[in-house]
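S.K.: Next comes the sequence, and after it the predicted model I'd like to discuss.
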Amino acid sequence: MHLLSQIPWYKSASQLARVMTETWTREHIFCPNCGSPISEYENNRAVADFYCGNCREEFELKSAKKNTVGNKIVDGAYHTMIARLGEAQNPNFYFLNYTPSYEVKNFIVIPKHFFTPSIIEKRPPLPETARRAGWVGCNILLTTIPESGKIYYIENGKQKSKQEVLDTWQKTIFLRETKNTEAKGWLLDIMNCIESLGKRDFSLDEMYDFTPRLQLLHPENNFVQDKIRQQLQVLRDKWYLEFVSRGRYRKL
């Protein structure tokens, strides 16, 4: 798939890229929650770029000209992003990366329920010589988001089926029920640990091996192994995991 289409020429390369990526997204991407077509907001809304007229999900689009997704996504003001995390209208994120020949390489949606302060990296303030001296931006750290939170429409140039996108979205929608940031952080950390094992079937003892790592992430908690068992039970109750036998689990 290519971005190039009947788009007027712009002198600004960044403006041309914005128009091309937004046009392509509007024409090719559907809502991952309900499968309906998406629409583009007019007049460059400050928060979101697209919305679903059926289920009212909102999406912000980020794009980059490079061959790989990379480890981070450059975003806007740090304090604005942190303030948005707890708001109901915080949008989901679309991320598109394309090659220098304008071939769409990857297109991902990151559901908003995967966003916690720990995935937002604060950038250094702009120097005094800059037009916006002192302004502080941020990056979205993709490496800290579980793979189940990076839902591909297109991966390395290969398009996923619509049903696969919809099914993958539904697997983690239960995270929206968790309003407490700390509780959600624990769930996401446990999900990351499970994924780092690189297999579907695993044991409780293998999860206990992550105790030092989780202790560093949650230094205020002195009962990390109790918390591991608790979070595994939550994930089992939400059908993210299956209890196989005593001390044995399977990722669904």
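M.R.: Structure received.
S.K.: Please report phi then psi for the spatially most central residue of the chain.
M.R.: Centroid check for the chain by Cα atoms, centre = their mean gives residue 110 as the closest residue, at 2.7 Å. In this entry, residue 110 is assigned phi and psi values of phi -110, psi 110 (degrees, to the nearest 10).
S.K.: What of residue 213?
M.R.: phi -60, psi -40.
S.K.: same deal with the one 10 residues further on?
M.R.: Backbone geometry at residue 223, expressed as degrees, to the nearest 10, gives phi -130, psi 60.
S.K.: can you give me the strands for this protein?
M.R.: With DSSP state E, the ranges of strands along the chain come out as 38-40, 50-52, 58-65, 72-77, 92-98, 104-110, 120-122, 137-141, 151-155, 158-159, 201-203, 241-245, 248-251.
S.K.: Would you map out the domains in this structure?
M.R.: 13-161, 182-251 (automatic domain parsing).
S.K.: Least confident of these, on average?
M.R.: Taking the mean pLDDT of each of the domains of the chain, the lowest value is held by domain 13-161, a mean of 89.
S.K.: Now tell me what touches stretch 187-206 from outside.
M.R.: 114, 116, 144-149, 175, 178, 207, 210, 213-214, 217-218, 228-229, 231-232, 234-235, 240-241, 244, 247-251 (Cβ atoms under 8 Å, 6 or more residues apart in numbering). No exception for glycine: its C-beta is placed from N, CA and C like everyone else's.
S.K.: about what we covered before: output the strands of the chain as a markdown table; include the columns distance to residue 12.
M.R.: Converted to a markdown table, the strands of the chain look like this (distance: least, Cβ to Cβ, whole Å):
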| stretch | distance to residue 12 |
| --- | --- |
| strand 38-40 | 19 |
| strand 50-52 | 22 |
| strand 58-65 | 14 |
| strand 72-77 | 18 |
| strand 92-98 | 17 |
| strand 104-110 | 21 |
| strand 120-122 | 27 |
| strand 137-141 | 20 |
| strand 151-155 | 26 |
| strand 158-159 | 30 |
| strand 201-203 | 50 |
| strand 241-245 | 49 |
| strand 248-251 | 46 |
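S.K.: Since that was my last question, I'll sign off now.
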